[in-house]
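K.L.:
need a structure here:
(chains A and B)
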Amino acid sequence: MLRLEKRPNPSVFWLWATPVLAVALTMVVGGLLFAALGSNPVTVIRTIFWDPLFGANAGYFRAQLLIKAAPLILIAIGLAMGFRAGIWNIGAEGQYIIGAVVGASVGLAVYPTENRLIFPAMVLAGAFGGWAWAMIPAILKTRFNTNEILVSLMLVYVAEAILAKAALGFLRNPEGMGFPGSRNFSSYPAARNFDLIERTGLHWGGVTALAVAVAAYVLLTRHGIGFQIRLAGQAPRAARFHGVSPTRLVVFCLGLTGALAGMAGLFEATGPGGQITENFASGYGFTAIIVAFLGRLNPLGIVLAGFMMALTYVGGSLAESTMNLPAASIQVFQGMLLFFLLGVDVLTNYRVRRPSGAAKGAEA
Amino acid sequence: MKRRTLLASVAIGLGLALGPAAMAQDSGAGLEKVKACFIYVGPIGDGGWTFQHHQGALALKEEFGDRVEIAWQESVPEGADAERSITQFALQGCNIIFTTSFGFMDPTNTVAAQFPDVKFEHATGYKREHPNVSTYDARFYEGRAVMGTIAGHMTKSGKIGYIGSYPIPEVIQGINSSFLHARKVNPEVTLSVVWAYTWFDPAKEADAAKALIDQGVDVILQHTDSTAPLAEAAKTPGVIGFGQASDMAAYKPAPRVSSIIDNWAPYYIKRVGALLDGSYEQSAAWEGIAGGEVEIGEITEAVPPEVKAAAEKVRDDIAAGTYHPFTGPLNKQDGTPWLAEGETADDGTLAGMNFYVEGITGEIPKQ
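P.N.:
All right, here's what the predicted structure looks like:
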């Protein structure tokens, strides 16, 4: 029998090897799944992981990777800060939605004015919207000691109801013949989140995501609040003795995630999404949780993880359309990734030991 | 911004310059072989809306054999991802792409601008911003007239319920048509509408059905795609419902007493056939019972013969063109006149319908 023995310190090697191992295991088991569905597993895996990068029309798909990864990275970095400090914001999806609605409202309120300042104002409004939505669980936690996991998660459903109201009511396109959905930002240049370089998929969201990743890395490694975050997560008691204020930390981490998620929502609504519709949110807020853990809660790791996750989406969708695979099979495939990551993560904190002999075992 | 516009116009210019030359052989003689691709909003096994579109796609294969290749992607979200899925098909060499949900309207038009040689067909929308975008829809309200007639005759409590998906014109047409025809045969009828805000969500649809049954409703009409409302109706004796989009024959003879079946096969065969023989043109199709797009599923023995006969008469009159479900005199909900005696609704008003007819209580969600 194998035996698990706790390591005195988490293994640095396994910390970075487990995501790779998890991806490899997902490929193998996912391959079996696709084979069971009657597709050639090698072709499917190649279509998911290779074709978007180097196959036919790779130029288009690389741009799509960037589009898909940007919001994931932006949200996951905020989440990772909180997760490191032991603050569990599960409601980034709601913060993303409210950010998009608030930011879009600002832009649509001044339609069709053309002014250079409109888009920046919308981004700020988006960040504010997300921040404000995240302050609800933050204040409830610091004042009444409620559980931020439950509160932030439940607020996602409230946000979805507000989104439906927006799409069908106060943001509805007055020229849309009664159909739901806001005006399309593609016909409103001042509020449009254009590709900065034509056809690369690099819009302001992508630039912001990369900038935020670098800033977060510096913050965590070089700045006082970064030290507090790490300390609070690893040794809460020590953190208190060191003068870390849990209230400040909760407000900071939830507020940061909210603001980043809100911005991501705004970038998405004015860019790739194009308009506010009742189902414009694509679950980025939830997927970002996987990205945060896949990236080991490290800002630079999250950038890689964001692209990896984007690849499973873009490649998965490509595999669906070229091989007529059921959509659910790709979702199962993505779920496996998190499952294996959590599963093999045991190697980071534990060592696998084989008892050296039967005799010894008997003595013990 | 300027540069972008310039680039776009250059691209369009190039397309125009190259297009006719490249298309000369095509449009005259038609295509040798057509790859027809489908973007679905739900899973092909939803037993309703998407299932029927997929049946239409498979019918293409049957009709044209090797001259047609089909591809599809299911459960495509109606958001930013839709544009990628549509582009993917355009890049893969599809000649014609059917996007089969209202929410795909803007992405379809956006992608169509970039692929002038590919034909795009969007179901249930109204935007045709480029010459290669056509739209198609079916006059479901004609089928609702038949269901409404049955509902009016069958209800004992005098309360019928309607599970709405989204408050868009297509759904409002259905609500109005059902109500008018139920009232026609039973002046006591009242109608309750529950909005589910989804096209396909069995759990939400079951909740909506349950809420209606709790209010004393004994006939449920649904504009959502799953069989969940019928499953819910089956739990309470005396409650009936109708198959939506698909026949939903598993719930025969009751609670499913009849159904509105979307039959997209004739339209798909017509459009792909036109591409093959070179007669393809941009169009905005809106066919109903007469064109075969809307079928009425078998009316079961749970319905008395005279009710069945009345319902079939409505169906046959609509098919023959002698009766329009929206024939005056009709007032709007607020009492203002809409249609004068003998006047029928024009398609423009129907396509943008955003009001209830007189007698329906409750409001269309707005604010």
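K.L.:
Might you report the residue contacts of residue 104?
P.N.:
If you meant another chain, say so; for now it's chain A. Contact analysis of residue A:104 by CB atoms under 8 Å, 6 or more residues apart in numbering or on different chains lists A:122, A:126, A:166, A:171, A:182, A:185, A:191, A:266, A:269-270, A:276. The way it works is simple: take the backbone N, C-alpha and C, and place the C-beta from them, glycine included.
K.L.:
was after chain B, sorry
P.N.:
The neighbours of residue B:104, taking CB under 8 Å, 6+ apart as the test, are B:39, B:41, B:76, B:78, B:82, B:86, B:122, B:125.
K.L.:
Now with 7 Å, please.
P.N.:
With contact set as CB atoms under 7 Å, 6 or more residues apart in numbering or on different chains, residue B:104 has these partners: B:39, B:78, B:82, B:122.
K.L.:
before we move on, the earlier item: separate out the buried members of the contacts of residue A:104.
P.N.:
Buried by 16 or more other CB atoms under 10 Å in any protein chain shown: A:122, A:126, A:166, A:171, A:182, A:185, A:191, A:266, A:269-270, A:276, out of these.
K.L.:
Closest one of those residues to chain B?
P.N.:
Of all the buried ones among the contacts of residue A:104, chain B sits closest to residue A:269, with 9.0 Å by CB to the nearest CB.
K.L.:
Against residue A:296, how distant is the closest one?
P.N.:
Distance, residue A:269 to residue A:296, using CB to CB, to the nearest Å: 30 Å.
K.L.:
Same question for residue A:288.
P.N.:
14 Å.
K.L.:
before we move on, back to that, now the buried ones among the contacts of residue A:104 as CSV including pLDDT?
P.N.:
Output for those, formatted as CSV (pLDDT from 0 to 100):
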residue, pLDDT
A:122, 96
A:126, 97
A:166, 91
A:171, 90
A:182, 89
A:185, 89
A:191, 87
A:266, 96
A:269, 93
A:270, 93
A:276, 91
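K.L.:
Narrow the residues you listed to those in helices?
P.N.:
A:122, A:126, A:166, A:266, A:269-270 (DSSP state H).
K.L.:
can you list these in a markdown table and add distance to residue B:259?
P.N.:
As requested, these are exported to a markdown table (distance: CB to CB, whole Å):
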| residue | distance to residue B:259 |
| --- | --- |
| A:122 | 47 |
| A:126 | 45 |
| A:166 | 35 |
| A:266 | 44 |
| A:269 | 38 |
| A:270 | 42 |
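K.L.:
just curious, which of these is nearest to residue B:303?
P.N.:
residue A:166 (42.7 Å; CB to CB).
K.L.:
what's the closest of the contacts of residue A:104 to residue B:220?
P.N.:
residue A:166 (29.4 Å).
K.L.:
State the helix or strand in which the closest residue in space to that closest one that isn't next to it in sequence lies.
P.N.:
Leaving aside its chain neighbours, residue A:166 sits nearest to residue A:101 (4.9 Å; criterion: CB to CB, 6 or more residues apart in numbering or on different chains). Using DSSP states H and E, residue A:101 maps to helix A:92-109.
K.L.:
Can you list the buried residues in that helix?
P.N.:
So, applying 16+ other CB under 10 Å, buried residues of helix A:92-109: A:92-108.
K.L.:
Confirm that residue B:160 sits in a strand.
P.N.:
Yes. With DSSP: H, G, I helix; E, B strand; the rest coil as the criterion, residue B:160 is part of a strand.
K.L.:
Show me what from the stretch 101-250 of chain B comes close to chain A.
P.N.:
B:103, B:106, B:110, B:126, B:166-169, B:197 (CB under 7 Å from any CB of the partner chain).
K.L.:
Tell me how many other residues surround residue B:61.
P.N.:
Residue B:61 has 14 neighbouring residues, counting by other CB atoms under 10 Å in any protein chain shown.
K.L.:
same thing with residue B:168?
P.N.:
23.
K.L.:
can you pull the pLDDT of it?
P.N.:
Looking at residue B:168, its pLDDT reads 84.
K.L.:
so what's the residue nearest in space to the middle of chain A closest to, chain neighbours aside?
P.N.:
The residue lying closest to the centre of chain A (CA atoms, centre = their mean) is residue A:288, at 1.7 Å. Counting by CB to CB, 6+ apart, residue A:288 lies nearest to residue A:75, which is 3.7 Å off, once chain neighbours are set aside.
K.L.:
same deal with residue A:48?
P.N.:
Residue nearest to residue A:48 in three dimensions, not counting chain neighbours: residue A:315, with 3.4 Å by CB to CB, 6+ apart.
K.L.:
what does the helix or strand hosting the one you found rub up against?
P.N.:
In this assignment (DSSP H and E), residue A:315 forms part of helix A:299-323. Contacting residues not belonging to helix A:299-323 are listed as A:39, A:44, A:47-49, A:51-52, A:61, A:64-65, A:68-69, A:72-73, A:76-77, A:80, A:213, A:216-217, A:220, A:287, A:290-292, A:294-295, A:325, A:327, A:330, A:333-334, A:337, B:71, B:73, B:84-85, B:88-89, B:92 [CB under 7 Å, 6+ apart].
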